[in-house]
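Enquirer: sequence and predicted model, in that order:
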Amino acid sequence: MLNTEEIKQIAHEMGKVIEMNVTPQFDQIYTRLDGIDQRFDGIDKRFDRIEAVMVTKSYLDDKLADLEGATVVRQRKQDDKVNRFF
């Protein structure tokens, strides 16, 4: 059976192994995540710009209704001109 001093020595050695092998890997992961966060910030800015200039369904519906109304008025004027000749 291991005594207290041997357990402390094993724990110390395990700590060294973790510090030398595992911790640098986490540092690399955090560095990559920081890069990904910066890329997402850029994407967020692009989405904000797209949303600012994007045509919404209600806007498009209004514009199409206006166009239809203008077309009907123009067609009625043409019909009136044609009907005057007959």
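Expert: That came through fine.
Enquirer: give me the distance between the biggest helix by length in the chain and the centre of its chain.
Expert: In the chain, with assignment by DSSP state H, the single longest helix is helix 23-53. Offset of helix 23-53 from its chain centre (C-alpha atoms, centre = their mean, to the nearest Å): 10 Å.
Enquirer: list the helices and strands the helix or strand following that helix packs on?
Expert: As assigned by DSSP states H and E, the chain's next helix or strand after helix 23-53 is helix 57-85. Helices and strands touching helix 57-85, by 3 or more C-beta pairs under 8 Å, 6 or more residues apart in numbering; DSSP states H and E: there are none. C-betas here are computed from N, CA, C, even on glycine.
Enquirer: now helix 57-85, how far from the centre of its chain.
Expert: 40 Å.
Enquirer: stretch 10-24 now?
Expert: The answer for stretch 10-24 is 39 Å, by C-alpha atoms, centre = their mean.
Enquirer: now that stretch: buried residues?
Expert: Residues of stretch 10-24 classed as buried: none (neighbour count, 16 or more other C-beta atoms under 10 Å).
Enquirer: for it, which outside residues touch it?
Expert: Residues outside stretch 10-24 that contact it (C-beta atoms under 8 Å, 6 or more residues apart in numbering) are residue 2.
Enquirer: domain ranges for this protein?
Expert: Domain assignment for the chain by automatic domain parsing gives 1-54, 55-86.
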